[in-house]
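Chemist: My questions are about this predicted structure, shown below with the sequence.
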Amino acid sequence: WEIMFELIKLEWKKNKTSKYIRNAAITTAILLVFIVGMAGELAADTSMEAYGRSSINASVDLFVNMCYIIFTGVMLATFVVGAYEKRTINLMFSYPISRQKILLSKMFAVWIFNFVAMVVSKGITYAILLMMNVPADTIQFTSVSFWLDILISSAAMVSITYIALLIGVKMKSSKATIITSIIIVCLTQGNIGTYTLKDNLSFYLILLLVSVLSVFLTIYNAETKDVM
């Protein structure tokens, strides 16, 4: 694990994670302005009460999830798929380190960053809404279950984006990775009329299983497979 952690730090440094931190901060600021601007209207909307959540909670989840699913796809395209496109993965695979560890360090580097960024983004948004006295009775900022829900949902949203990784690696295309992440946004956050898969637990469990399979297939045979 010590080697893995060093590889993860190397990935963050090599890919200049500071620019992603800046972009995440800008994204959160834009989302905050947008949600605060709509807060009055959202507070009066009771359409989500049937699910036990206020429209403000639902909207924060919706917009933050949409942004960070795509954000994760973009980072996977850069950290992993881009290495195949530019053939820089060949040099990394020449190191006296397991190829699977190298690939996993790239994946973990993206996952950890986006998980933390998503949790922080939601936390800041809810905190600002509360400080502005925006009506939101279901924002239980001091509740353990409130934060547990944020942690679990953020982990799930980042994880399902790894479905796009396998497609990008197989096609050796960063564009394919990003496009697939946009499709995932449409499937998980969109709706057709009143029908949506957003609250379908079985659907998310299937996506999580597919994402685990995608990671497995990405690193499968990495030790012997010719990447040229």
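Modeler: Everything's here; your move.

Chemist: most remote residue from the protein's center?
Modeler: Distance from the centre of the chain peaks at Pro96, with 30.8 Å (C-alpha atoms, centre = their mean).

Chemist: quick one, strands of this structure?
Modeler: Along the chain, the segments classed as strands by DSSP state E run 191-192, 195-196.

Chemist: ok, Phe141 - how many residues close by?
Modeler: Neighbours of Phe141 under the rule other C-beta atoms under 10 Å: 12. C-beta: built from backbone N, CA, C; applies to glycine.

Chemist: Pretty sure it sits against Ala127.
Modeler: Yes: applying C-beta atoms under 8 Å, one finds Phe141 in contact with Ala127, separated by 6.9 Å.

Chemist: from what I can see Gln100 touches Ala222, true?
Modeler: Yes: here Gln100 reaches Ala222: they are 5.2 Å apart, a contact under C-beta under 8 Å.

Chemist: which of those two has more neighbours?
Modeler: Using other C-beta under 10 Å as the criterion, Gln100 and Ala222 rank with Ala222 on top: 17 against 14.

Chemist: which residues does the more buried one contact?
Modeler: Arg99, Gln100, Leu103 (C-beta atoms under 8 Å, 6 or more residues apart in numbering).

Chemist: for these, which one is nearest Lys13?
Modeler: Using C-beta to C-beta, Leu103 comes nearest to Lys13 of the contacts of Ala222, at 17.6 Å.

Chemist: May I have the phi/psi pair for Asn221?
Modeler: Backbone geometry at Asn221, expressed as degrees, to the nearest 10, gives phi 60, psi 20.

Chemist: how deep is it tucked in, by neighbour count?
Modeler: Counted with other C-beta under 10 Å, the neighbours of Asn221 add up to 9.

Chemist: Now do Tyr220 against Val210, distance only.
Modeler: Per C-beta to C-beta, to the nearest Å, Tyr220 is found 15 Å from Val210.
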